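Peer 1: this one's sequence-less:
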């Protein structure tokens, strides 16, 4: 009987990615039918009982949603300061889903929610360079020199360079509206880059993440992602991975 590789089995439970599952296996916290397993190529059968850190795990059906985050909510399941979170807007029966990346409190736009740990890892791992597109407005008039500086890179933290591709949509002496493409996932990257250039971000909305966008969504909306869209997303990620 062929069985399923142990790391894939663990990842299919929604616990983590396959890469993280390999680390768990090697660390000795995984048991199968009561026996510790540290072999990465180990396979399991449907009737086997797999425990991670003493907790029984099962493969789960993967779920995928697009969520249009409004301003004023943080991207987490709970907050020690008592601030509103996106889970205040999401039905309780979907609170097991995790966000792919984050948007800060005042930013809006697309967040992918899923229990597919492997997909989360593929979309967020820095080596893959998954594109994310934002609509941004700032106070003041951006110059070509500013655009070139953002493309070449800005050190937003010690030894941490941030890069962005900028396409200006509207500009006058008082404000600039643009689309910005990122291939990184640094904390508050766009805001820090503009702060470095002396601008204030007025609005920031993520309009696309990889192949998924906000089409058909209003602020606060949550809609399932269609199987065909997931297939297109996986094909896109596979093409990106092949270029590494």
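Peer 2: Perfect, thanks for sending it. Keep in mind that this is a model prediction, so the values were computed, not measured.

Peer 1: If residue 161 is in a bridge, with which residues?
Peer 2: When bridges are taken as DSSP bridges, the partners of residue 161 come out as residue 155.

Peer 1: My read is that it contacts residue 154, right?
Peer 2: Yes: using C-beta atoms under 8 Å, residue 161 is in contact with residue 154, at 7.0 Å. Glycine gets a C-beta too; all of them are placed from N, C-alpha and C.

Peer 1: more neighbours, the two?
Peer 2: Ranked by neighbour count (other C-beta atoms under 10 Å), residue 161 and residue 154 place residue 154 first, with 20 against 12.

Peer 1: I figured that one hits residue 196, correct?
Peer 2: Yes: under the criterion of C-beta under 8 Å, residue 154 makes contact with residue 196 at 5.1 Å.

Peer 1: Backbone dihedrals for residue 203, please?
Peer 2: Note on residue 203: its backbone torsions stand at phi -140, psi 150 [degrees, to the nearest 10].

Peer 1: Name the nearest residue to it, ignoring sequence neighbours.
Peer 2: Closest residue in space to residue 203, ignoring its immediate chain neighbours: residue 137 at 4.7 Å, by C-beta to C-beta, 6 or more residues apart in numbering.

Peer 1: Reduced to three states, what does that neighbour come out as?
Peer 2: Here residue 137 is strand, with the state taken from DSSP: H, G, I helix; E, B strand; the rest coil.

Peer 1: isn't it right up against residue 202?
Peer 2: Yes: using C-beta under 8 Å, residue 137 is in contact with residue 202, at 4.6 Å.

Peer 1: Mind listing the shared neighbours of the two?
Peer 2: Taking C-beta atoms under 8 Å, 6 or more residues apart in numbering as the contact rule, residue 137 and residue 202 both touch residue 175.

Peer 1: Residue 3 and residue 230: what is the separation?
Peer 2: Going from residue 3 to residue 230 by C-beta to C-beta, to the nearest Å gives 25 Å.
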